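Enquirer: Predicted model and sequence below, questions to follow.
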Amino acid sequence: MTFARVAGVGSYLPSNRVLNNDLVARGVDTNDEWIVARTGIRARHLAEAGQTSSDLALIASQRAMEMAGIDAADIDLIIVATSTPDFVFPSTACLLQNKLGNKGATAFDVQAVCSGFLYALTIAEKFIRSGSHRKALVVGAEVFSRILDWNDRATCVLFGDGAGAVVLEAADSPGILATALHADGSHHGILSVPGNVCGGKVVGDPFLRMDGQAVFKFAVRVLADVAKECCDVAGLAPESIDWLIPHQANIRIIEATAKKMGLPMDRVIVTVDQHGNTSAASVPLALDAAVRDGRIKRGQKVMLEGVGGGFTWGAALLEF
Ligand code: UT7
């Protein structure tokens, strides 16, 4: 039987680190105390003008491939999760493939907003388990700064740019122990960029709009449930997870989820304070940070989970 295991992780943050007070200096009607108290966010990284999701994805991918000890030519599947693609088409995955110098791999994007990495990882796992592919590059890459309304203080302080990547490869033992993905499109209106390109113009609103309190309540409810669902599939008690890596949107959502799961905060990876919400990049960015600083070790059980626009949500339980 073939399983899928993580062979390498990598990430990249743009060099422009922006503190809460830098936003105040830019004219945003906010303050550091409010942002820290309500969200836990202290800093985020913002891409330079012209720096695209595929640019960020390239460096994250190279770092993951280096850890996995593989070359671009070894990869036969590339999936990029992004809601801020370089173009309407071709896919960011194809642009990344070209930048990597890979030819012939299956390559496509996944659009599930902040759950996108969980969707992409789960799809890659199923390709590998089917036997059709052996080495997948799974990336979450975003430049949310491009879709923020800097006059909307309720949203613009929350998000950042970045990319995280994982090399997933075929193995004789797991690997990924369980996954669960869900969506409920009836909630599409509480978090969206309700615009489109039509006839050479933007039609509708090209900025991110959010009902923050509705999103907050939804996220807390589904994140604990989907983690439990994954544990049930794997036959594990939630308390036996070594590390929880929830979507990094708000420290209060993260703390509420950990509490519901019965996990102390010292087993939860938190990067929202330094990265803000990087949407599909948030989970692989946090995974990479914790692997590289030595907290997450081989053989440990790691629960990844995401929630975002759609609404979508999902989780993956790994034996790292
Ligand atoms: O990936 C998923 C995406 N998003 C999320 O997970 C976000 C989920 N939601 C949240 O994290 C929270 O709802 C927010 C952080 C967005 C907002 O926190 P809140 O505690 O729900 O605040 P609120 O929206 O109820 O606003 C409270 C007050 C309001 O003022 P008044 O009406 O009480 O006078 C806002 O105008 O805070 C004000 N406010 C701000 N003040 C300073 C809103 N944004 C800001 C700001 N700085 N940036």
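Expert: It's in.

Enquirer: contacting residues around stretch 94-106?
Expert: Applying CB atoms under 8 Å, 6 or more residues apart in numbering, the external contacts of stretch 94-106 come out as 52, 54-55, 57-58, 61-62, 72-73, 75-78, 80, 86-87, 107-108, 127, 133, 137, 139, 141. For the C-beta atoms, the positions are set from N, CA and C on the backbone; glycine is no exception.

Enquirer: Filter these down to the ones in helices?
Expert: Counted as lying in helices by DSSP state H, out of the contacts of stretch 94-106, are 54-55, 57-58, 61-62, 127.

Enquirer: just the residues you listed now: which is nearest the ligand?
Expert: Distance to the ligand, by CB to the nearest ligand atom, is smallest for A57 among these, at 19.2 Å.

Enquirer: which ones are touching the closest one?
Expert: When contacts are counted by CB under 8 Å, 6+ apart, A57 is found next to 12, 80, 82, 92, 96, 139, 141, 163, 165.

Enquirer: and what of V291?
Expert: For V291, the residues meeting the contact criterion (CB under 8 Å, 6+ apart) are 9, 320.

Enquirer: sorry, back to before: buried ones among the contacts of stretch 94-106?
Expert: Buried members of these, counted by 16 or more other CB atoms under 10 Å: 52, 54-55, 57-58, 61-62, 72, 75-78, 80, 86, 107, 127, 133, 137, 139, 141.

Enquirer: What sits closest to the residue of the stretch 201-320 of the chain found nearest the ligand if chain neighbours are left out?
Expert: Residue nearest to the ligand within the stretch 201-320 of the chain: G212 (2.9 Å; CB to the nearest ligand atom). Nearest non-adjacent residue to G212, counting by CB to CB, 6 or more residues apart in numbering: A154, 6.0 Å away.

Enquirer: Give me the neighbour count for V202.
Expert: By the other CB atoms under 10 Å criterion, the neighbourhood of V202 contains 10 residues.

Enquirer: packing partners for the helix or strand encompassing it?
Expert: In this structure, V202 is located in strand 201-204 according to DSSP states H and E. Under the contact definition 3 or more CB pairs under 8 Å, 6 or more residues apart in numbering; DSSP states H and E, strand 201-204 sits against strand 195-198.

Enquirer: The strand it packs on - which strands sit beside it in the sheet, and in what orientation?
Expert: Sheet pairing of strand 195-198 (DSSP bridges) gives strand 201-204 (antiparallel).

Enquirer: Give me the packing partners of the next helix or strand after the partner strand, helices and strands only.
Expert: Per DSSP H and E, the first helix or strand lying C-terminal to strand 201-204 is strand 209-210. Judged by 3+ CB pairs under 8 Å, 6+ apart, the packing partners of strand 209-210 are helix 153-156, strand 191-192.

Enquirer: which residues sit against the last one?
Expert: Okay, so that is strand 191-192. Strand 191-192 has contacts (CB under 8 Å, 6+ apart) with 113, 208-211, 215, 308-309, 311.

Enquirer: now the longest one
Expert: Residues external to helix 153-156 that are found in contact with it (CB under 8 Å, 6+ apart): 23, 28-30, 148-150, 208-210, 212.

Enquirer: Recalculate using a threshold of 7 Å.
Expert: Contacts to helix 153-156, defined as CB atoms under 7 Å, 6 or more residues apart in numbering, come from residues 28-30, 148-150, 208, 210, 212.
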